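> Okay, predicted coordinates and the sequence, questions at the end:
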Amino acid sequence: MSTGTLTGTLTGPLTGTGILARLALRRDRLMIPVWALVTGGMVAGGVGSLEGLYDTAAERAELAASMTANSSMRALYGPVFDDSLGGLVAWRFGTFAAVLAAVASLIVVVRHTREEEETGRQEMLSAGAVGRRAPLTAALLAALVLNAAVALIVTAGLAAQGAAGALALGLAIGGTGMVFATTAALAAQLTESARLAKGLAGAAVGLAFALRAAGDSGTADGGGVLTWLSPIGWAENVRAFAGERWWVLLLIAAAVLVQTAAAYALTGRRDVGASLLATRPGPAEGRLATAGALAWRLQRGTLLGWSLGFLLGGLVFGGMVEGAADIVGDNEQARQIFERMGGQSALTDAFLATMVSLFGMVAALFAVGSVLRPHGEETSGRAEPLLANALGRLRWAAGHLLIAFGGSALILALSGLGLALAYGHDLGPILGASLARLPAVWTLAGLAVLLWGAAPKAATAAWGAAGLCLALGWIGPALDLPQAVLNLSPFGHLPKLPGPEMAWTPVLALTALAAALVAAGLTGLRRRDMVS
């Protein structure tokens, strides 16, 4: 009989939930407030930004009409349901705030469920007075705290634009986060690793965004069938500040309840540490002759998924270039946003530079995750048997770092290829612009190497650095943040290609910085004890 089964006979299924919830909130005492402030603050701060760009009712009406009439802009942001300031904020920031809430929620839930089981900590806790469903409940409560904080910040920040609309938008964004929190809870029951659970839940977020984009590109009222198949589309169709549809929130609540019930049912059918999907056995002896081959086997599925995603993303955004340029070209205020994000070149090049920069910032997430993969192998105890033989630490780490740094170059090249093919532009300039993002990506990857090698307990802070750079690069220009703030990100120092001439000084400086960070991190790895 397993520890979890024996414990379940002595305690109730929710025994210990309060203690575990407090522990989860203590562990995430930095992550939850930062995610909530970034997500909610992005929406609340959008009021001042849009008010400065469109300070008259006529300008706002013109923006709403032009954006709703263009399928490319609808696919990116959704249709504009109302030309009031609150309605424009909901249009411009609502979808991306919902995505951020969803990503944060899935990370929190997997962190306190499958990751705890994978490291063995949950089995030790379950040996005490902890019910079978207590860890899952505690993780969902932590996610609920996060999403409630986001909803509260959004509601308070937009209350001056209309209390009902502000509340509707806050509940829609927070509710979407809870939908994907429960999706992550399901994924944690199905898979045996935290990495796979995050991958499945993250794929669900990506699919929901793609369905919403495809549905909105075909209809101007948010009523497309594909839009209604997406939880992100549900949040959009709450129609904050545009005659709120409160009943749509019932769909969100129903999805949360159904997925929670399914996760509770599944967690009662497996032992602690086990999964409901069978794990494939490893290769026969002798097939993995080197540490690099093992690293490739561990990370090849992730690299393939990112590669396909970046190629498809390039194709999608490349098809939007002409439509975006046609619409924004007649609106000086909207032009300013794209030029701040993409540079002072021609508008088409500015839009392409914006998309290239976005792919670069997202590629940093892949690079950081790939760098931290051996950290997970170390903390789970799987690395120690390897290093007990004639395998040195640097050779072991080198295979993973090669995939992290080389893989980031590959996915950026594929995004550039997709952009060029869909836009019908010469491949060379766009591919070069995409690869010019690499020094910033490698700098963040180098920071992850430094943290893992020198301060492994703080290694996960690399995710925070990558997330901050993504927020600064994507949201900062729309909020008209000072350039000094934008320069906190390494991406703020790179030339905004295609368009202007190549500036080699920041590229070479960031590449040298990345190399120095990697060297310092590997030095720390050689000198410190392995983490168990």
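The structure has been received and is ready for your questions. Numbering: from 1, shown residues only.
> So for this protein, the centremost residue is which one?
Taking CA atoms, centre = their mean, the centroid of the chain lies closest to residue 103, which sits 5.0 Å from it.
> didn't that residue look like it was pressed against residue 203?
No: no contact is recorded between residue 103 and residue 203 when judged using CB atoms under 8 Å, the distance being 11.9 Å. All C-beta spots, glycine's among them, are computed from the backbone N, C-alpha and C.
> Which elements pack onto the helix or strand harbouring the residue nearest to the centre of the chain?
Taking DSSP states H and E as the definition, residue 103 sits inside helix 85-111. Contact analysis of helix 85-111 by 3 or more CB pairs under 8 Å, 6 or more residues apart in numbering; DSSP states H and E lists helix 31-53, helix 57-69, helix 71-77, helix 134-158, helix 163-190, helix 194-218, helix 231-237, helix 461-475 as its packing neighbours.
> Can you give the distance of the third one from its chain's centre?
The chain centre lies 20 Å from the centre of helix 71-77; the measure is CA atoms, centre = their mean, to the nearest Å.
> same deal with the second one?
In terms of CA atoms, centre = their mean, the centre of helix 57-69 is set 30 Å apart from its chain centre.
> Who are the packing partners of it?
Looks like helix 57-69 contacts helix 71-77, helix 85-111, helix 321-328, helix 332-342 (3+ CB pairs under 8 Å, 6+ apart).
> got it, and the last one?
Identification of packing neighbours for helix 461-475 by 3+ CB pairs under 8 Å, 6+ apart yields helix 31-53, helix 85-111, helix 347-371, helix 438-454, helix 483-486.
> List the buried residues in it.
Within helix 461-475, the residues that count as buried by 16 or more other CB atoms under 10 Å are 462-467, 469-475.
> and the angle from the helix holding residue 103 to helix 163-190?
Taking axes from the mean of the first three to the mean of the last three CA atoms, to 10 degrees, one finds that helix 85-111 is oriented at 20 degrees with respect to helix 163-190.
> Name the next helix or strand downstream of helix 85-111, please.
helix 114-119.
> which helices and strands does that following helix pack with?
For helix 114-119, where contacts count as 3+ CB pairs under 8 Å, 6+ apart, the packed elements are helix 121-126, helix 194-218.
> The ones you listed: lowest mean pLDDT?
Sorting those by mean pLDDT places helix 121-126 lowest, at a mean of 65.
> will you turn the helices and strands packed on helix 85-111 into a markdown table that also has distance to residue 290?
Output for the helices and strands packed on helix 85-111, formatted as a markdown table (distance: least, CB to CB, whole Å):
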| stretch | distance to residue 290 |
| --- | --- |
| helix 31-53 | 36 |
| helix 57-69 | 53 |
| helix 71-77 | 44 |
| helix 134-158 | 38 |
| helix 163-190 | 32 |
| helix 194-218 | 22 |
| helix 231-237 | 43 |
| helix 461-475 | 26 |
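> and residue 408, how far is that from residue 446?
The spacing between residue 408 and residue 446, counted by CB to CB, to the nearest Å, is 12 Å.
> Could you do residue 62 as well?
Plainly put, residue 62 is 45 Å away from residue 446 if you go by CB to CB.
> Check residue 463 too.
15 Å.
> got it, and residue 244?
Remark: distance between residue 244 and residue 446 (CB to CB) = 47 Å.
> Those two: which has the busier surroundings?
Set side by side, residue 244 and residue 446 show more neighbours around residue 446, with 28 against 19, by other CB atoms under 10 Å.
> my read: the more buried one touches residue 511, true?
No: with contacts counted by CB under 8 Å, residue 446 stays clear of residue 511, the gap being 9.7 Å.
> one step back: just the mean pLDDT for the helix holding residue 103, thanks.
What helix 85-111 shows for mean pLDDT is 90.
> Compute the inter-axis angle for it and helix 134-158.
For helix 85-111 and helix 134-158, the angle between their directions (the same axes, to 10 degrees) works out to 160 degrees.
> What residues does residue 430 make contact with?
With contacts defined as CB atoms under 8 Å, 6 or more residues apart in numbering, residue 430 is in contact with 352, 356, 416, 419, 420, 423, 498.
> Which of those residues sits closest to residue 139?
residue 356 (36.6 Å; CB to CB).
> Skipping adjacent residues, who's closest to the closest one in space?
Nearest residue to residue 356, sequence neighbours excluded (CB to CB, 6 or more residues apart in numbering): residue 433, at 4.8 Å.
> quick one: residue 61 and residue 67, what's the gap?
Distance of residue 61 to residue 67, given as CB to CB: 11 Å.
> okay, these two: which has more neighbours?
Comparing residue 61 with residue 67 by other CB under 10 Å, the one with more neighbours is residue 67, at 25 against 14.
> Excluding covalently adjacent residues, which one is nearest to the more buried one?
By the measure of CB to CB, 6+ apart, the closest residue to residue 67 outside its immediate chain neighbours is residue 73, 4.6 Å from it.
> So the one you found sits against residue 65, correct?
No: between residue 73 and residue 65 there is no contact, the gap being 11.3 Å when judged by CB under 8 Å.
> Which neighbours do those two have in common?
Counting by CB under 8 Å, 6+ apart, residue 73 and residue 65 have no common neighbour.
> So between these two, which is more surrounded?
Neighbours per residue, other CB under 10 Å: of residue 73 and residue 65, the larger number sits with residue 73, 23 against 12.
> Tell me how far that one lies from residue 94.
With CB to CB as the criterion, residue 73 and residue 94 are 14 Å apart.
> same thing with residue 163?
Distance of residue 163 to residue 94, computed by CB to CB: 17 Å.
> So between these two, which is more surrounded?
Neighbour comparison, residue 163 and residue 94: the larger count goes to residue 94, with 26 against 11 (by other CB under 10 Å).
> residues contacting the residue nearest to that one when sequence neighbours are not counted?
Ranked by CB to CB, 6+ apart and with sequence neighbours excluded, the top spatial neighbour of residue 94 is residue 169, at 6.1 Å. By CB under 8 Å, 6+ apart, the contact set of residue 169 is 43, 86, 89, 90, 94, 154, 155, 158, 238, 240, 241.
> From those residues, pick the one nearest residue 528.
Distance ranking of those against residue 528, using CB to CB, places residue 43 first at 41.7 Å.
> The closest one: how many residues sit nearby?
The burial count assigned to residue 43 is 28, neighbours taken as other CB under 10 Å.
> Could you measure from it over to residue 365?
Distance of residue 43 to residue 365, computed by CB to CB: 22 Å.
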